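Chemist: Give me a model of this one.
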Amino acid sequence: MRPTKRAAQIAKYQQCTQAAQRGDLTELLVLAADPTLTREMLATIAPSNRERDADVELVNAILDHPACSEGIASRYTTHHDAAIRLRIATFPHLTGASLQILATDADERVRDSATAQLERSNSIRTTRGWR
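Modeler: Numbering: from 1, shown residues only. Predicted structure coming up:
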């Protein structure tokens, strides 16, 4: 008997949860490369912001995933790797507190990118009358 789409999604979500609980990096990398993961599944396997030493390869795979949202990406504003923080500073549609944190980053490239994003965001709001 073939499982329903809903049953398959539940099974995939459980797989994500179990891999995250085990911290199985190999499985987490495979899951992060799966384009069928939903945003909720991706959030489950994405290490939290408190884990500054989250594996760089895993974080990059998560940021590359089509379901990666601003909320997931913003988890890495304080990641130890400047290249990750730079990716976050240039992440599409990132706004607010995350950009403000990155605008004070120790790395000049990160600061400059975040500042430019903030200026673009403020410019868009001003031209649309959102002030």
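Chemist: can you tell me which residues contact A73?
Modeler: By C-beta atoms under 8 Å, 6 or more residues apart in numbering, A73 lies in contact with 63, 87-88, 91, 94, 98. (Glycine included, C-beta is placed from N, CA and C.)
Chemist: Reformat those residues as JSON lines; add distance to R6.
Modeler: Formatted as JSON lines, the entries for the contacts of A73 read as follows, by distance: C-beta to C-beta, whole Å:
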{"residue": "L63", "distance to R6": "28"}
{"residue": "R87", "distance to R6": "34"}
{"residue": "I88", "distance to R6": "33"}
{"residue": "F91", "distance to R6": "31"}
{"residue": "L94", "distance to R6": "32"}
{"residue": "S98", "distance to R6": "34"}
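Chemist: neighbours around I101, how many?
Modeler: Counted by other C-beta atoms under 10 Å, the residues lying close to I101 total 17.
Chemist: Please apply the same query to the one 10 residues further on.
Modeler: Applying the criterion other C-beta under 10 Å, we find 17 residues in the vicinity of R111.
Chemist: Tell me the spacing between it and L99.
Modeler: Computed with C-beta to C-beta, to the nearest Å, the distance linking R111 and L99 is 11 Å.
Chemist: max-length helix in the protein?
Modeler: Assignment by DSSP state H gives helix 108-127 as the longest helix of the chain.
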